[in-house]
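Student: When you get a sec, could you give me coordinates for this:
(one chain, ligands or ions: 1)
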Amino acid sequence: MFTIGVLASGKGSNLQAIIDYIKEENLPIKIGVVLSDNPEAYALERAKKEGIKSLYIPPGKYKTFLEPDVEKKYVEVLKENGVELVCLAGFMRVLKKTFLKSFPQRIINIHPSLLPAFPGLEAWKQAIDYGVRFSGCTVHFVEEGVDTGPIILQAVVPVLPDDTPETLHQRIQEKEHIIYPLAIRLIAEGRVSISGRKVYIK
Ligand code: GAR
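Tutor: The predicted model follows:
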């Protein structure tokens, strides 16, 4: 069994997509624990409903990252639960060195744009404001820069003339729900390797 941990701050539709895909495909992948920095995160409810261990760990006093002691706590809980791969699924804080060093090349993220375009917050809105014709989503390894790590998978979504940030985000999420579970499967099956910025898939 390959054990993953999921970190989520919000509604958790990506978490749900991962849960459903593992079940549908009968994969030897277990979600060891779901952690959140937000006590209201619906992701926590989703985990509970599925009988998956879930925990709210207060993030501390900073808005955009976890307090150093808290970061240690997150790592501790993930390790205690046998997590081999950390999956950020709408986790809205930047991870710092302590965390990154504890899971080298073993943290991935889903981002709602075709990176390197539109890193950071509300990428779907950035795409609309910029006027691009296509956007999409990216699964990438997490390193120190924000949304800069080696890219595993991407999916393209057209931006339609009458799109609002909401309609575009919804269409992007449909693709997220396909490529994120798939990327996790590829890593679990040992088919993904990294060389510099490039990711190879067997
Ligand atoms: C997703 O669209 C994800 O790409 C985005 O948050 C949303 C979470 O949705 N992540 C980021 O913007 C990270 N920079 P979910 O809670 O329904 O999975």
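Student: which residues sit in contact with residue 21?
Tutor: 27, 181-182, 185 (C-beta atoms under 8 Å, 6 or more residues apart in numbering). (Each C-beta comes from the backbone N, C-alpha and C, glycine too.)
Student: Pick out the residue of this structure closest to the ligand.
Tutor: residue 90 (2.5 Å; C-beta to the nearest ligand atom).
Student: What count of nearby residues applies to the nearest residue to that residue once chain neighbours are set aside?
Tutor: Among residues not flanking residue 90 along the chain, residue 10 sits closest, at 4.6 Å (C-beta to C-beta, 6 or more residues apart in numbering). Residue 10 has 17 neighbouring residues, counting by other C-beta atoms under 10 Å.
Student: Residue 10 contacts residue 42, doesn't it?
Tutor: Yes: assessed by C-beta atoms under 8 Å, residue 10 is found in contact with residue 42 at 7.0 Å.
Student: pull the CA atoms of the worst-scoring helix or strand of the chain on mean pLDDT into PDB?
Tutor: Taking mean pLDDT, DSSP states H and E as the measure, the chain has helix 97-102 as its least confident helix or strand, at a mean of 94. Listed next in PDB are the C-alpha coordinates belonging to helix 97-102 (Å, rounded to 0.1, in the frame of the first residue of the first chain):
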ATOM      1  CA  LYS A  97      12.300  24.500   4.600                       C
ATOM      2  CA  THR A  98      11.500  22.300   7.600                       C
ATOM      3  CA  PHE A  99       8.600  20.800   5.700                       C
ATOM      4  CA  LEU A 100      10.300  20.600   2.300                       C
ATOM      5  CA  LYS A 101      13.400  18.900   3.800                       C
ATOM      6  CA  SER A 102      11.300  16.300   5.500                       C
END
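Student: in that helix, what counts as buried?
Tutor: By 16 or more other C-beta atoms under 10 Å, the buried positions in helix 97-102 come out as 99-100, 102.
Student: For the helix or strand residue 167 falls within, which helices and strands make contact with it?
Tutor: Using DSSP states H and E, residue 167 sits in helix 165-188. On a contact count with 3 or more C-beta pairs under 8 Å, 6 or more residues apart in numbering; DSSP states H and E, helix 165-188 meets strand 2-7, helix 13-25, strand 29-36, strand 85-88, strand 107-111, helix 123-130, strand 134-141, strand 151-158.
Student: Could you tell me which residues of the protein lie near the ligand?
Tutor: 8, 10-14, 89-90, 110-112, 123, 173, 176 (C-beta under 6 Å from any ligand atom).
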